[in-house]
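Chemist: Just need the structure, nothing else, for what follows:
(4 chains)
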Protein chains: 2
Amino acid sequence: MPTPPAYLTIAADLRAAILSGELPAGAKLPSESGLMRQYEVSRTVAKWAIAVLKGEGIVEGRAGSGVYVRNTTRLVRHAQARDLRAEQGPTSPFARDAARAGQQGTWEHESRRDQADERIAARLGVGPGAPVMRTAYRFLSDGEPIQLSTSYEPLALTEGTPVEWPEEGAAVGVVARMDTIGVRVDEVVERVSLRAATAEEVDALSLPTRSFVHSIERTYTAAGKPVETADIALPGGRYDLVYRIPID
Amino acid sequence: MPTPPAYLTIAADLRAAILSGELPAGAKLPSESGLMRQYEVSRTVAKWAIAVLKGEGIVEGRAGSGVYVRNTTRLVRHAQARDLRAEQGPTSPFARDAARAGQQGTWEHESRRDQADERIAARLGVGPGAPVMRTAYRFLSDGEPIQLSTSYEPLALTEGTPVEWPEEGAAVGVVARMDTIGVRVDEVVERVSLRAATAEEVDALSLPTRSFVHSIERTYTAAGKPVETADIALPGGRYDLVYRIPID
DNA sequence: TCGAATTTGTGCGTATGTATC
DNA sequence: GGATACATACGCACAAATTCG
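Modeler: All right, here's what the predicted structure looks like:
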């Protein structure tokens, strides 16, 4: 029975202390020097132990200060048929999720006309270069950036209608907006994957470098025809994604 | 404009080579010695560069041999209303997903009576210690382990019926099995989160140490009453999760 | 079969820069 | 300004696994 390497033992000890609540969110871990004394190891080993926990996303180093336990409270993102249709109410699904967690959900957005690249064109079922309305969102929960999203709608569908600019009408949410122009959205497909955060996402979401995001490709369709598609990025490990699917 | 540290530059170069296909799955990365010569850096820097890519799950080190690009072909797991009801067919959803990817899906299972712990009891809406049927699955795609799952069904519901032992009847899948005893499943809820793989998962799924998994808590309900709940683990970054939700 | 070379894994010691307190 | 702490980096050493002649 081989003993695990020292740096993994130390990482396991610290992880256990964090998960047990002994080191709560925001708490400072022992310094490298402290770990060196406590475990009688070199700085290299202390550093690798911390690197393991950083890789797991549960601690964050701040140069000159220390290594701190990251906030581990998980936000919940709901996707369910009833919610989607009920969006004719005054609040967005995001704001509702935040409110459920006792937090205030706000967002910034920026819309502009654009041309569909190949990837978006394929998802919208239009030709490459087709005109689309592109809207970039940044969602904040209690002021802290927590979700990015870029949505695309074919202008062939919305141009000249009251919902051409997504955030300017009274209706909130894709389903409700499309309802107002007589397009009845009847299905949403989400494809969830996991990948390393891009530099832009690290910046926009205040993530530690080299962290993960849930990447969601979402497409709304009406009678089989795509009417909106979006790329959504959520900090990995900070979000639970809940899908409620009716059967028959 | 500060230049990025050397180890991140090297990691970025290698990552670009992998993503561009210049280094395909299975290809061997330059050895540490090679990187030292090529970039004129110390072994420490070469090692940290590789560690970054390992942390991203895109390469895997083998002692004595080298560092290799991991298989990045993504499997797709579908969860959608039509599929779920159609399970009365002879194949399971898992086998169908595998077939869609041109692979052969098989599985091992082991069922036993058990008592619900607090977590499972809460999810099933029964008292702690209530008798349940516990079934552990290991799914393989072309012989390679690719998914773990442990399901729990309240014996109060199934005891003495033909579907008491999940894998012994003719019907495949929770919805179809419950149909045969007159329980009409009408909803499934999945909660997707991301976490570090446990040692058992690393072992059972042949994962590199310190990798991530998608963790799914799935619960089927009939008229609001839970009839099955399962913990599912999928290798992070190897799976896309597709959810198809009808709206109204 | 054996042994040498290579490669990664683990670990030690040290040094410099820079951010924080 | 001084002490502390992390980030980056160099050089070295040995073990274990693999590869290959």
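Chemist: so A:L241 touches B:V189, yeah?
Modeler: No. At 11.2 Å, A:L241 does not count as touching B:V189 under the criterion of C-beta atoms under 8 Å. (Each C-beta comes from the backbone N, C-alpha and C, glycine too.)
Chemist: higher neighbour count, these two?
Modeler: A:L241 (23 against 18; other C-beta atoms under 10 Å in any protein chain shown).
Chemist: Nearest residue to the more buried one in space, please, no chain neighbours.
Modeler: B:V192 (4.2 Å; C-beta to C-beta, 6 or more residues apart in numbering or on different chains).
Chemist: check which helix or strand covers the one you found.
Modeler: Per DSSP states H and E: B:V192 is located in strand B:187-196.
Chemist: counting contacts, what elements does that strand pack onto?
Modeler: Packing partners of strand B:187-196 (3 or more C-beta pairs under 8 Å, 6 or more residues apart in numbering or on different chains; DSSP states H and E): strand A:212-222, strand A:239-246, strand B:212-222.
Chemist: A:N71: which of those strands is closest?
Modeler: strand A:239-246 (12.3 Å; C-beta to C-beta).
Chemist: For chain A, list the residues in contact with DNA strand C, please.
Modeler: Chain A comes close to DNA strand C at residues A:5-8, A:40-45, A:48, A:62-65, as judged by C-beta under 7 Å from any atom of the strand.
Chemist: Just flag the most distant two among the residues you listed.
Modeler: Most distant of these, by C-beta to C-beta, are A:P5 and A:G64, 28.5 Å apart.
Chemist: ok, these two, which is more surrounded?
Modeler: Higher neighbour count among A:P5 and A:G64: A:P5, with 12 against 5, using other C-beta under 10 Å.
Chemist: Contact residues of chain A facing DNA strand D?
Modeler: So chain A meets DNA strand D at A:29, A:31-34, A:43-44, A:47, A:50, A:61-67 (C-beta under 7 Å from any atom of the strand).
Chemist: For my notes, confirm A:T3 occurs in a helix.
Modeler: No. A:T3 is assigned coil when assessed by DSSP: H, G, I helix; E, B strand; the rest coil, not a helix.
Chemist: could you pull out the helices for chain A?
Modeler: Along chain A, the stretches classed as helices by DSSP state H are A:6-19, A:32-39, A:43-55, A:81-85, A:93-100, A:118-124, A:155-158, A:174-180, A:199-204.
Chemist: wouldn't A:R113 be in contact with A:L155 here?
Modeler: Yes. A:R113 is within contact range of A:L155, at 6.9 Å (criterion: C-beta under 8 Å).
Chemist: Spatially, what comes nearest to A:L8 if we skip its sequence neighbours?
Modeler: Nearest non-adjacent residue to A:L8, counting by C-beta to C-beta, 6+ apart: A:V52, 6.9 Å away.
Chemist: Please report how far the one you found lies from A:A12.
Modeler: As judged by C-beta to C-beta, to the nearest Å, A:V52 and A:A12 stand 9 Å apart.
Chemist: Point out where chain A drops to low pLDDT.
Modeler: A:1-2, A:86-90 (pLDDT under 70).
Chemist: is whatever residue of it ends up closest to DNA strand D in a bridge, and if so with what?
Modeler: Going by C-beta to the nearest atom of the strand, DNA strand D is nearest to A:G61 of chain A, at 2.6 Å. Under DSSP bridges, the beta-bridge partners of A:G61 are A:V67.
Chemist: Just list the residues touching it, thanks.
Modeler: With contact set as C-beta atoms under 8 Å, 6 or more residues apart in numbering or on different chains, A:G61 has these partners: A:50, A:54, A:67-68, A:208.
Chemist: how near is it to A:A46?
Modeler: 12 Å.
Chemist: What residues does chain A have near chain B?
Modeler: Residues of chain A lying close to chain B (C-beta under 8 Å from any C-beta of the partner chain) are A:51-52, A:55-56, A:74, A:79-81, A:84-85, A:175, A:185-196, A:210, A:212, A:214, A:236-237, A:239-248.
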